[in-house]
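Participant: need a 3D model of the following:
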Amino acid sequence: MFRQMSRFVSRFRDLEQQEFSQSIEEERQWRVLKEKLASPQISPPIVEQQESYQRKCIAVMSLYAQAGASFLASNLAYAWSGKGIPVTLCELPKVTSYYYFALDFERRVRQQVRDSPTPSLLMQNNHLRIQIESPAQLQHESSQTDTANWLLRICKDSPIVVIDVSSYWNDLHSKQIFEHADEIWVVFDADLARLTRLFLVDQAPAWWKTERRKIKMIANKWNSQLSRTSIMKKVEGTLSLWDQQSGATQVTDMIPLMDGEKTAMASAKANLLLELFPEEEIEFQSLIHACKGRML
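Facilitator: So this is what the prediction gives:
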């Protein structure tokens, strides 16, 4: 046993003294390996990936009461936020809130954690923020500077801001909002007699001319009969009565009349239509895709 151990040690020492030749490539690989082992190992920083969004402010208004600006603005904001896009929905400052009553704000707000001094209702995993001012806190005086500051503040909350102007398009605050908005969505419905009377009797507002490039005309509660070419030519001819230049004003989008039972049920339960009936989102597709909120 002792002799075997002696021979093993002697053989090991002999091998230790021998020189082994390496090729140029082997030497290079060995050198790279030693450099990697010698360098400090720094784990790559964990970077939180944040999606970037195109900022956009959209003012949605009705040419007359009940045309559907609030219905479209609220359900579209709900649909966009459901796709993970942060959206703020609000109404004109110093105007009695429609959403306060339509969405039963006092009941809902008690069920959520308040994280902002601004009265707001959070939906869609907090991606949708509906700013609602209680009528009890409503102040009746506001200067132009107040409106400008208000607009600047809400545009910081979310990349997409939807302002429901309703039918208050002649309001002083509305004019300022139209001036700063990226798009103005003008909503009218199938009451063609009311539409014609408005354009024949009333004068075109100043913003109709100065902000013309921002305007999108949206026909709400529309159907296949109204979509016929002969009817659409009459409608676009009527819309052109406020234009000084020649050529008909184009209707950008047509939203169909929704299921009456579903809209009535949603209203009775103080919900948005798409809250109770998400399958109805298909009816809003033309407007949902009109706003490319996500920067792809």
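Participant: what about the strands in the stretch 1-150 of the chain?
Facilitator: Along the stretch 1-150 of the chain, the segments classed as strands by DSSP state E, counting those that start in this stretch run 56-62, 87-91, 120-123, 128-131.
Participant: and the third one, how far out from the chain's middle?
Facilitator: In this case it means strand 120-123. For strand 120-123, the separation from the chain centroid amounts to 14 Å (computed by C-alpha atoms, centre = their mean, to the nearest Å).
Participant: that strand pairs with which strands, and in what direction?
Facilitator: Strand 120-123 pairs in its sheet with strand 128-131 (antiparallel), by DSSP bridges.
Participant: what's the closest of the strands of the stretch 1-150 of the chain to residue 104?
Facilitator: strand 120-123 (9.6 Å; C-beta to C-beta). All C-beta atoms are positioned from the backbone trio N, CA, C, and that covers glycine.
Participant: ok, residues contacting that closest one?
Facilitator: Applying C-beta atoms under 8 Å, 6 or more residues apart in numbering, the contact partners of strand 120-123 are 78, 81, 99, 103, 105, 108-109, 112, 128-132, 275.
Participant: again with stretch 61-71
Facilitator: 60, 98-99, 102, 164-169, 174, 184-189, 191, 194-195, 198, 220-221, 255, 273.
Participant: mind checking which of these are in helices?
Facilitator: Judged by DSSP state H, those include 99, 102, 174, 194-195, 198, 273 as members of helices.
Participant: in a markdown table: these, plus pLDDT and distance to residue 92.
Facilitator: Output for the ones in helices among the contacts of stretch 61-71, formatted as a markdown table (pLDDT from 0 to 100; distance: C-beta to C-beta, whole Å):
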| residue | pLDDT | distance to residue 92 |
| --- | --- | --- |
| 99 | 96 | 12 |
| 102 | 96 | 15 |
| 174 | 93 | 7 |
| 194 | 97 | 22 |
| 195 | 97 | 23 |
| 198 | 97 | 20 |
| 273 | 98 | 22 |
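Participant: so the closest residue to residue 276 other than its chain neighbours, which of the three states?
Facilitator: Using C-beta to C-beta, 6 or more residues apart in numbering and skipping the chain neighbours, the partner closest in space to residue 276 is residue 266 (4.9 Å). Of the three states, residue 266 takes helix according to DSSP: H, G, I helix; E, B strand; the rest coil.
Participant: residue 266: neighbour count?
Facilitator: Neighbour count of residue 266, defined by other C-beta atoms under 10 Å: 22.
Participant: state the distance from it to residue 220.
Facilitator: According to C-beta to C-beta, to the nearest Å, residue 266 and residue 220 sit 16 Å apart.
Participant: go on, residue 127?
Facilitator: According to C-beta to C-beta, residue 127 stands 25 Å off from residue 220.
Participant: now do residue 121
Facilitator: Note on residue 121: its distance to residue 220, by C-beta to C-beta, is 24 Å.
Participant: swap in residue 59?
Facilitator: 16 Å.
Participant: looking at the two, which is more packed in?
Facilitator: Between residue 59 and residue 220, counted using other C-beta under 10 Å, residue 59 has the larger neighbour count: 28 against 21.
Participant: report the contact partners of the more buried one.
Facilitator: 163, 165, 174, 177-178, 181, 183-185.
Participant: can I have the buried ones of the contacts of strand 120-123 as a PyMOL selection?
Facilitator: Here is the PyMOL command that picks out the buried ones among the contacts of strand 120-123, judged by 16 or more other C-beta atoms under 10 Å:
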select buried, resi 78+81+99+103+105+108+109+128+129+130+131+132+275
